[in-house]
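Undergrad: Build the 3D model from these lines:
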Amino acid sequence: MIPGFNANMIPKGQEKESTDRIKKFLSMMDSMTKKELDCIEPLTETRIMRISRGAGTNPKELLFLLGEHKKFAKMVEKMGKMNLDDNMDNVSIKFIN
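TA: Have a look, this model is predicted:
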């Protein structure tokens with residue numbers, strides 16, 4: 001399980017498949033250079049093949065990961081535009097010694 005994720009996001013009985021997919025994603029990201037991870041260098045066909053071979057996956061899985069990254073980036077961008085900082089003004093923080 002991923003910290004911060006709601007347990008209902010992964011259907012019952014599919015925890016193993018979800019964990020395996022996350023492990024594949026992590027191995028694909030480990031096979032990427034820092035510039036590729038930061039989207040500084042575009043991913044060409046040869047780079048996609050290199051990353052896929054390094055991670056032991058096929059290129060379709062890498063393209064799926066990249067598509068999911070784009071969706072997540074759009075969602076984060078929308079959340080940033082919601083001015084969440086304005087809503088935090090009314091929240092009080094208590095420090096426990």
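
Undergrad: which residues touch the closest residue to Leu43 other than its chain neighbours?
TA: Spatial nearest neighbour of Leu43, chain neighbours left out: Glu36 (6.3 Å); criterion: Cβ to Cβ, 6 or more residues apart in numbering. Heads up, the C-betas are built off the backbone N, CA and C, glycines and all. Glu36 sits next to 43, 47, 51 when contact means Cβ atoms under 8 Å, 6 or more residues apart in numbering.

Undergrad: and the next element down the chain from the host helix or strand of Glu36?
TA: Using DSSP states H and E, Glu36 maps to helix 34-37. Next helix or strand after helix 34-37 toward the C-terminus (DSSP H and E): helix 45-55.

Undergrad: Contacts for that following helix next, please.
TA: By Cβ under 8 Å, 6+ apart, the surrounding residues in contact with helix 45-55 are 24, 27-28, 30-32, 36, 41, 43, 58-59, 61-63.

Undergrad: ok, now how distant is Gly56 from Met82?
TA: 39 Å (Cβ to Cβ, to the nearest Å).

Undergrad: Equivalent analysis for Thr44, please.
TA: 35 Å.

Undergrad: Poorly predicted segments of the protein, please.
TA: 1-11, 83-97 (pLDDT under 70).

Undergrad: what's the neighbour count on the nearest residue to Lys35 once chain neighbours are set aside?
TA: Spatial nearest neighbour of Lys35, excluding adjacent residues (Cβ to Cβ, 6+ apart): Glu41 at 4.4 Å. Applying other Cβ atoms under 10 Å, we find 13 residues neighbouring Glu41.

Undergrad: Repeat that for Lys60.
TA: Lys60: 10 neighbours (other Cβ under 10 Å).

Undergrad: Okay, and it sits in which element?
TA: Using DSSP H and E, Lys60 sits within helix 59-81.

Undergrad: how near is the most centrally placed residue in the chain to Lys34?
TA: Closest to where the C-alpha atoms of the chain average out (Cα atoms, centre = their mean) is His69, at 5.6 Å. In this view, His69 and Lys34 are 15 Å apart by Cβ to Cβ.
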